[in-house]
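Q: Pasted the sequence and its predicted model underneath.
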Amino acid sequence: MRKIGTSRFVKASKSNLDGAQEPEQVSDFSPRVLDKRGQVTIFVIIAIVILAGVAVYFLARGNLGVSGIPTSLEPVFNYYTECIKEETKTAIELAGSQGGYVETPPYVPGSDYAPFSSQLNFLGFPVPYWYYISGNGLIKEQAPSKGDIERGIAGYVEERVRDCKFDNFYSQGFDINLGESSASVRINDESVDVTVDSGLAVSKGSDSGSKGEHRVSVSSKLGKFYGIATKIYEKEKSDAIFDNYGVDVLRLYAPVDGVEISCSGKIWKTAEVLDYLKQGLEANVAAIKFKGNYYTLNDKKEKYYEVDLGESVDESVNLLYLKDMPTKIEINGEGVDDALLIASPVGIQEGLGVMGFCYSPYHFVYDLSFPILVQIYNSGEMFQFPIVAIIDKNVAREAVFSEREAEEPELDLCKFETQDIEINLYDSNLNKIDANVSYQCFSQKCNLGESKDGKFKGKAPSCLNGYLMFSGGNIAEKKILFSTNKENVADVILDREREVELELRVGGKALEGTAIVSFAKEEGGESVSAALPEANKIKLSEGSYDISVYVYGNSSITIPASTKTQCQDMPRAGILGFFGAMKEQCFDISIPETKIEYGLRGGGKGTEYILASQLESGKLTIDVDELPIPKSLEELQYNYAEFESKGVRVI
């Protein structure tokens, strides 16, 4: 039989070791005793190496943290991370309570025609409208995108982490150096992730460490809440859901059109109609639900208030309208009076009266606009935004058939600073001056750095019709048009800004009462105001200003209570009314007493050029004319007319 896979061992003979003989052949399966002493030596060496490695690891671990930072310095880095997290939480709360805006857009006031400003004042906090009617009657939208919210949070964190207080560590002997910060934010359904790039270097004794990138993740449903909010907003824009509910409330709670089979007519008090209508809106808006699992229906009738967004809503949603919120209600039509709505009888003429046929038709036309605050929340977090529902001539507004396009990630232009620029900065006397330099291209703003000895040399992104922006220190903020793809050098004159104390003299005497002083710079349109005597310090730079001063004082004007009588011909009762006889019936409308405790007592308007030398003194004295103390409405009207002709003098 043939053997397969046999092993052959070679054993060296003594002669072979001497080089004299060939090795002997050993049979394939002959037993062999291995030399165990070599193996033991190898295992001992390996064990020693392992023990040494473990010892080194634990020794190093005592001095270094997981990130390679010495453990003695870790409290500083941990504190900075916690500071970033706390500022992020604050930014998330601001964004949630202000319709996604960490910093609210510029305030735009409303008007008598449209009492909605660009923000809803809710419990003292400004909440920007996503959809509203401007003061001149135009529809405005300012719903932020998800990217806008991320940039808002990032900007807030960038600004606030500079103020993280390391005082406690300084007192312990730490040397801490924190560089400029830049932040990026990503909003997820269940979290907000923040990365702050700021070189933090710490040393104490022989230990030192540094870290450039700091990452935190805050548990938050901001992204999920914003997603629900945008679905509600798009549903309102496409289907006008709130406007249509408003029409139903209008017809249920207010007289719109109809007929009363009566010869005596029908009368409603306007104030009572408005109040009842607001109460109806308050109750019905709160009852609206978005189909989901956060509520239960008590009966089938409540399905009327259920709105289907196309998918189940699993977070609580509350809709709020309060009758004290700014609301526009205008009523037009025949029989409409400031105090009464009157449905006059028809068929009271002789002949028709004999037939006993009388009826009182009415048709009132309403223009109604009211805000609704949408709140998405859970036990610890909320996202809210307001919109204005519009009813025009008893009809819900036409739905806006537009869809928000899926947002694409915006290209970060600040990462592509490819253009070399050189900026020379001077004050009005051509002295060199330093400032922080930024560059704005489209909606993105890139911080380029600080100038040194009046000169900035660096790189900026390539852009057409961008803006160089200057701020910081004691200069007035300024921006100039600058195309980096065409220009690379600029000489800029900046105005030095100084804080001055205002002293107001009225008719040559010290101010008695209160005054509002406003400075509007003709170049740039920027304005500042002071309320005297409490807040009498403002910052100004050299230039021409439109100045307005309003002085108010005690007037004690009392508008006495009055009664207005409204009369109307009505059919007589009994048999005479059957034959068409009429009698006059009157109603008394009472207007309560009104007091005007503060009236216009002085002031004026004018244009003045304020020199740098005036600002250097640290004080500005303004003189305006005094007006008579108004004791009646006629005298108060006279003061306002005279005010337009009065000037302002800066001493």
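A: Arrived safely, thanks for sending. Computed from a prediction, not measured in an experiment: that's the story for all the values here.
Q: ranges for the strands of the stretch 351-500 of the chain?
A: 360-363, 365-377, 382-392, 395-396, 417-426, 436-441, 444-450, 455-461, 466-471, 478-482, 489-493, 497-506 (DSSP state E, counting those that start in this stretch).
Q: nearest to residue 77, of those strands?
A: Taking Cβ to Cβ, strand 444-450 is the member of those nearest to residue 77, at 24.0 Å. C-beta: built from backbone N, CA, C; applies to glycine.
Q: Quick check: buried residues in the closest one?
A: Residues of strand 444-450 classed as buried by neighbour count (16 or more other Cβ atoms under 10 Å): 444, 445, 446, 448.
Q: any idea how far the first one is from residue 520?
A: Right, the one you point to is residue 444. Distance of residue 444 to residue 520, computed by Cβ to Cβ, to the nearest Å: 29 Å.
Q: Please apply the same query to the second one.
A: Summarising the geometry, the distance separating residue 445 from residue 520, computed by Cβ to Cβ, is 25 Å.
Q: One more: residue 194?
A: 39 Å.
Q: Looking at those two, which one has more neighbours?
A: Legend: neighbour count by other Cβ atoms under 10 Å for residue 194 and residue 520, higher for residue 194 (26 against 16).
Q: ok but the more buried one is inside a strand, no?
A: Yes. With DSSP: H, G, I helix; E, B strand; the rest coil as the criterion, residue 194 is part of a strand.
Q: Pretty sure it sits against residue 89.
A: No. Counting by Cβ atoms under 8 Å, residue 194 does not reach residue 89; the two are 10.3 Å apart.
Q: any shared contact partners between the two?
A: Residues touching both residue 194 and residue 89 (Cβ atoms under 8 Å, 6 or more residues apart in numbering) are residue 218.
Q: so where's the stretch 551-651 of the chain uncertain?
A: For the stretch 551-651 of the chain, residues meeting the criterion pLDDT under 70 lie at 556-562, 564, 566-583, 585, 587-598, 633.
Q: ok, the helix or strand containing residue 515: who's next to it in the sheet?
A: Element membership for residue 515, per DSSP states H and E: strand 514-521. Partner strands for strand 514-521, per DSSP bridges, with pairing direction: strand 527-532 (antiparallel), strand 543-559 (antiparallel).
Q: Tell me the buried residues in the longest one?
A: It refers to strand 543-559. So for strand 543-559, counting by 16+ other Cβ under 10 Å, buried means 543, 545, 546, 547, 548, 549, 550, 551, 552, 553, 555, 557.
Q: Domains in the protein, by residue range?
A: 74-222, 230-396, 413-493, 497-650 (automatic domain parsing).
Q: re the thing from before, now the buried residues of strand 543-559 in TSV, with distance to residue 606?
A: Formatted as TSV, the buried residues of strand 543-559 follow (distance: Cβ to Cβ, whole Å):
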residue	distance to residue 606
543	15
545	9
546	8
547	6
548	8
549	9
550	13
551	14
552	19
553	21
555	25
557	28
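Q: which one of the strands paired with strand 514-521 lies closest to residue 285?
A: Nearest of the strands paired with strand 514-521 (Cβ to Cβ): strand 543-559, 35.4 Å.
Q: For that closest one, what is the distance to the chain centroid?
A: 32 Å (Cα atoms, centre = their mean, to the nearest Å).
Q: Quick check: chain neighbours aside, which residue is closest to residue 520?
A: Among residues not flanking residue 520 along the chain, residue 527 sits closest, at 4.0 Å (Cβ to Cβ, 6 or more residues apart in numbering).
Q: pretty sure the one you found is touching residue 518, no?
A: Yes. When contacts are counted by Cβ under 8 Å, residue 527 is listed as touching residue 518 (6.0 Å).
Q: quick one, which of the strands paired with strand 514-521 is nearest to residue 218?
A: strand 527-532 (36.4 Å).
Q: So which elements touch whichever helix or strand comes after that closest one?
A: Sequence order places strand 537-541 as the next helix or strand after strand 527-532, per DSSP H and E. For strand 537-541, the elements it packs on are strand 497-506, strand 514-521, strand 527-532, judged by 3 or more Cβ pairs under 8 Å, 6 or more residues apart in numbering; DSSP states H and E.
Q: orientation of the strand holding residue 515 relative to strand 537-541 in degrees?
A: With axes from the mean of the first three to the mean of the last three Cα atoms, to 10 degrees applied, the angle from strand 514-521 to strand 537-541 works out at 20 degrees.
Q: Strand 514-521 relative to strand 497-506, how many degrees between them?
A: In terms of direction (the same axes, to 10 degrees), strand 514-521 departs from strand 497-506 by 140 degrees.
Q: can you pull the buried residues of strand 514-521?
A: Quick answer for strand 514-521 (16+ other Cβ under 10 Å): 515, 517, 518, 519, 520, 521.
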